[in-house]
Structures are given as structure tokens and as C-alpha cells.
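Enquirer: I'll drop the sequence and a predicted model, then ask my questions.
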Amino acid sequence: MNKVILAENAGFCFGVQRAVEEALKVKKQYDKKIYTLGPLIHNNDVVMYLEENNIYAIEYSEIDKLNEGDVILIRSHGVSKEVTENLEKRGLIVVNATCPYVTNIHKKVNKYSDLGYNIVILGDDKHPEVVGINGWCNNNAVITKDGTFDKKLSKKICVVSQTTEKEETWKKTVSNLSSLSKELLAFNTICSATEVRQKSANELSKTVDTMIVIGGRNSSNTTKLYQIAKTNCPNTIHIENSKELTKEFIEENKGKTVGITAGASTPDWIIKEVIDIMEGKS
Ligand code: SF4
């Protein structure tokens, strides 16, 4: 039998876990088709599971198709104030599953833009989280991807970050802004979920014979975990779910110490299936 070790931090982050649980709870409560504004999560198995539970993603451009009294859930990324108000105006039942860490950013930019600060967001201007944040300061934020600025800024600045940004880019942004402003309020709103997963994968992969990284092929945080693990442990594989574990792989790794980690969009049940197979329980 194998010794299987699960990384200390693996799989769903707090905000995603909360949103999925909320969707299932709301489904039970209303007992009818539930909509999520955009896919709740980028993981095919989870999307299929949600659809089996009558929970479907719908884009904002399609909300005309919904009827009064339909239930729509806002995912962990959050949305602008205007989007929420518009959904409510249409008579939809809006369930807010925005991650509390993101809500905290909304509150900050809303408060300080009202107090006359020029809001700066470090992040990707196309990412739904950043689009949502900007919607809490009248879409007037200056958005920077790399901490540099080609636009003129006012002398009073309040800066926040997309939750998945790197600390290094944040430091560069704050340092550049400190020479451009007279008054600078900097709220480091980076969430540690990604970093702690990478740290755990790094530590674990140094101590095992084999590493299995579980997560969507198109998930960038899973790919990053795979790269980190592979550097320390050449016998590292990336799979989306337990069905991808081949007989040969299971056979070759009998009696070995196997480490397992998973990206932030991988649910517990998929991780458990992989553990059970590698432990010879199923
Ligand atoms: S802010 Fe952090 S905990 Fe919340 S959804 Fe994003 S990564 Fe997850």
C-alpha cells in the first residue's frame, strides 16, 4: 500500500467553497432552477455536478431571458453596485456569494472615492473581479497591470489590489505611487490562498517519491502548482480527476510515498477519489 500525503493547503479556497455551498443551499431552499451570473467555477466536473443539481450559469448579456422571481447567485468574484441593482430592479431574487475579502475591497473603494480619492487598482482590467471593484467607484479607477502609470493621477490616491496579484508587483505599485502622490492610502488586498497552496506544494514535493496535482487543464493556478512540484519531484503528474489515473501509474507507484495537491477550483470529492485509489481503497 502507498503512503499518501495531502498538502496542507489544497483545493477550494474559502471564497469558492462558500459560493458552491451557498448555491446548493439556495437550490434546496427554492427547489427550482438556480442561475449563477457567469460560471461559478472553472472546473468541468463541478459545472456538471451543479447542472445535475439544476444550477446553471448565465451571462449578464442574457439576463433578459430570466423572469421575475428567478433566483440568481453572484459568484465569489463579485460584481459592481450597478449590476446588483439592475438584477434587483428586474425582480430577480439576488443571492450574494461574493467572497468577503472582495466585499471588503468594494467597501474601501466606495468609501474613499466618495471622500475624493483617486482610486487605483492593481490588476487585470478584463478580469471580472477588477471590473466589479471598479464598479464601486463609478468606474473611475486607474487600473494598472504592472504598477506603472502613463496617465496623470490626482495627488490624493487610494490603491487596492486584485486578490490574486503578486506581492512583488504590489510593492512596485506602492513605491511608484509614493513618488506620484501627496497623500497615499494603500490597502494590500492580496489574498494569501494562492501563495499558501504554492508553498505547501513546494514543501511536500521535496519529501515524496511521486506527486499528483489535481485541477483543470486550463486552470492557471493548477499549472503553477504542477510546475513547482515537478521541479522538486520529477515523477509529478497533472490530472483533472481520478479517471485519469492509469493502471500502469497506480502499479508503478505501489509502495511509494505519494503527495497530492490540488488547484483552488478542485472540490474535495475529486481529491478524495484520488486519495482512495492511491491508498488502494477503491
Ligand atoms: S479572495 Fe481569496 S478566498 Fe476569496 S475567492 Fe478569491 S482566492 Fe478565494
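Expert: Ah, there it is.
Enquirer: ranges for the helices of the stretch 151-282 of the chain?
Expert: Applying DSSP state H, counting those that start in this stretch to the stretch 151-282 of the chain gives helices spanning 167-180, 193-205, 220-232, 247-252, 268-278.
Enquirer: Which among those is found nearest to Asn54?
Expert: Minimum separation from Asn54 across the helices of the stretch 151-282 of the chain (Cβ to Cβ) falls at helix 268-278, 18.5 Å. Every residue, glycine included, has its C-beta placed from N, CA and C.
Enquirer: Point out the other helices and strands that the closest one packs with.
Expert: Applying 3 or more Cβ pairs under 8 Å, 6 or more residues apart in numbering; DSSP states H and E, one finds that helix 268-278 contacts strand 3-6, strand 210-214, strand 257-262.
Enquirer: buried ones in that helix?
Expert: Residues of helix 268-278 classed as buried by neighbour count (16 or more other Cβ atoms under 10 Å): Ile270, Ile271, Glu273, Val274, Ile275, Ile277, Met278.
Enquirer: ditto for stretch 119-130
Expert: Quick answer for stretch 119-130 (16+ other Cβ under 10 Å): Ile119, Val120, Ile121, Leu122, Gly123, His127, Pro128, Glu129, Val130.
Enquirer: dump the residue contacts of the first one.
Expert: Residues counted as contacts of Ile119 (Cβ atoms under 8 Å, 6 or more residues apart in numbering) are Val109, Tyr112, Ser113, Asn134, Cys137, Asn140, Ala141, Val142, Ile157, Cys158, Val159, Val160.
Enquirer: Closest one of those to Glu62?
Expert: Nearest member of the contacts of Ile119 to Glu62, counting by Cβ to Cβ, is Asn134, at 22.0 Å.
Enquirer: At the contact with the ligand, which residues of the chain appear?
Expert: Contact residues, the chain versus the ligand (Cβ under 6 Å from any ligand atom): Cys13, Phe14, Gly15, Val16, Ser76, Cys99, Tyr101, Val102, Thr163, Cys191, Ala193.
Enquirer: Would you mind measuring from the last one to Leu177?
Expert: Taking Cβ to Cβ, to the nearest Å as the criterion, Ala193 is separated from Leu177 by 25 Å.
Enquirer: now the strands for the stretch 51-200 of the chain?
Expert: 55-58, 71-74, 93-96, 118-122, 142-144, 156-161, 183-186 (DSSP state E, counting those that start in this stretch).
Enquirer: can you redo the ones you listed as JSON lines with mean pLDDT?
Expert: Putting these into JSON lines (pLDDT from 0 to 100) gives the following:
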{"stretch": "strand 55-58", "mean pLDDT": "96"}
{"stretch": "strand 71-74", "mean pLDDT": "98"}
{"stretch": "strand 93-96", "mean pLDDT": "97"}
{"stretch": "strand 118-122", "mean pLDDT": "97"}
{"stretch": "strand 142-144", "mean pLDDT": "97"}
{"stretch": "strand 156-161", "mean pLDDT": "97"}
{"stretch": "strand 183-186", "mean pLDDT": "97"}
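Enquirer: Can you name the residue of the stretch 151-282 of the chain nearest the ligand?
Expert: The minimum distance from the stretch 151-282 of the chain to the ligand, using Cβ to the nearest ligand atom, falls at Cys191 (3.1 Å).
Enquirer: Can you tell me the closest non-neighbouring residue to that residue?
Expert: Leaving aside its chain neighbours, Cys191 sits nearest to Thr163 (3.9 Å; criterion: Cβ to Cβ, 6 or more residues apart in numbering).
Enquirer: Looking at that neighbour now. What's its pLDDT?
Expert: Listed pLDDT for Thr163 reads 92.
Enquirer: Output the contacting helices and strands for the longest helix along the chain.
Expert: Using DSSP state H to define each element, the chain has its longest helix at helix 14-30. Packing partners of helix 14-30 (3+ Cβ pairs under 8 Å, 6+ apart): strand 34-37, helix 44-52, strand 55-58, strand 71-74, strand 93-96, helix 100-114.
Enquirer: Which strands and helices lie in contact with the first one?
Expert: In this case it means strand 34-37. By 3+ Cβ pairs under 8 Å, 6+ apart, strand 34-37 packs against helix 14-30, strand 55-58, strand 71-74.
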